[in-house]
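Q: Need coordinates for the following:
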Amino acid sequence: MNGDNQQQPDEHQSQSDAGQWEYKPANQQPPALDSPNASLAPSAGLGLAPAQRPLARNQDVSWTASEFVAHNKGFTWYALLVLAAAAFAGVIWLLTRDFISVAVIVVVAILLGVAATRKPRVLEYHLDNEGLEIAGKFYPYGEFRSFSVMQEGAFSSIMLIPMRRFAPPISIYYSPDDEEEIVNVISMHLPHEERGHDMADRIAKRIRF
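A: Sure, this is the predicted structure:
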């Protein structure tokens, strides 16, 4: 019959007319990229593996924060300061009969009272690849040997430990949302050091100074 005798279209001819290569199990290898019938693979397959992609980190971070954590001090706090100073001065007087020692205690108590009334300033902080800038003053990383993350109740701060023996450490404050980014930048230039609060910090924290 005519339908049975009708010649089937040649497979290779149909592929040539379609103008597109089609992969079949019999094919040993895909066509070369310079073949006119070759189709490019999806671009996602040409990218780097995730482990080979460079990890980008932002080395330029700016923020504003208080220069220290302020505790509310009412009349009771100042009254207790006066009573403690008077009691301590009285004990020193009974033991030494030294006016100078008593005068030193009184002066220290007055200075503590004046310092307690000071409100923290809002400072501008900036970190980059060179160092830390606080309110326009620049501190290069070379001045520090390590850093520590200090917990202060609900807040955290970063303490930069100086290279010089008697130089005071630098403490920086920030919003909790910025901690990870700030720590990532600093850790690229300084090693992290586990460190606790010293005696003076513990006393100041206990008396809410």
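Q: what distance separates the start and the end of stretch 150-166?
A: 20 Å (C-alpha to C-alpha, to the nearest Å).
Q: Going by neighbour count, list what's buried in it.
A: 150, 156-161 (16 or more other C-beta atoms under 10 Å). Just so you know, the C-beta spots here come from the backbone N, C-alpha and C atoms, and that holds for glycine as well.
Q: could I get these as CSV with secondary structure?
A: Formatted as CSV, the buried residues of stretch 150-166 follow (DSSP: H, G, I helix; E, B strand; the rest coil):
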residue, secondary structure
M150, strand
S156, strand
S157, strand
I158, strand
M159, strand
L160, strand
I161, strand
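Q: In the residues you listed, which has the lowest confidence score?
A: Checking pLDDT across the buried residues of stretch 150-166, the minimum falls on S156 at 82.
Q: does that one have beta-bridge partners, and which?
A: Beta-bridge partners for S156, by DSSP bridges, are Q151.
Q: Name the SS class of the closest residue to H126 other than its chain neighbours, please.
A: Distances taken as C-beta to C-beta, 6 or more residues apart in numbering place E133 nearest to H126, at 4.3 Å, with adjacent residues excluded. Judged by three-state DSSP, the three-state class of E133 is strand.
Q: Beta-bridge partners for E133, please?
A: Under the criterion used (DSSP bridges), E133 bridges to H126, F138.
Q: which residues touch it?
A: E133 is in contact with 124-127, 139, counting by C-beta atoms under 8 Å, 6 or more residues apart in numbering.
Q: Just the buried ones from those, in PyMOL syntax?
A: For the buried members of the contacts of E133, the matching PyMOL selection, counting by 16+ other C-beta under 10 Å, is:
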select buried, resi 125+127+139
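Q: circling back: could you check how far the residue nearest to H126 is from V114?
A: Distance of E133 to V114, given as C-beta to C-beta, to the nearest Å: 29 Å.
Q: Could you list the low-pLDDT ranges of the protein?
A: 1-58, 70, 153-154, 196-209 (pLDDT under 70).
Q: Where do the strands of it begin and end?
A: 61-66, 122-127, 131-134, 137-140, 144-152, 155-162, 170-173 (DSSP state E).
Q: Can you spell out which helices and strands pack onto the lengthiest helix in the chain?
A: Of all segments of type helix in the chain, defined using DSSP state H, the longest is helix 75-96. When contacts are defined as 3 or more C-beta pairs under 8 Å, 6 or more residues apart in numbering; DSSP states H and E, helix 75-96 packs onto helix 99-116.
Q: Next, the angle from the helix it packs on to helix 75-96.
A: 170 degrees (axes from the mean of the first three to the mean of the last three C-alpha atoms, to 10 degrees).
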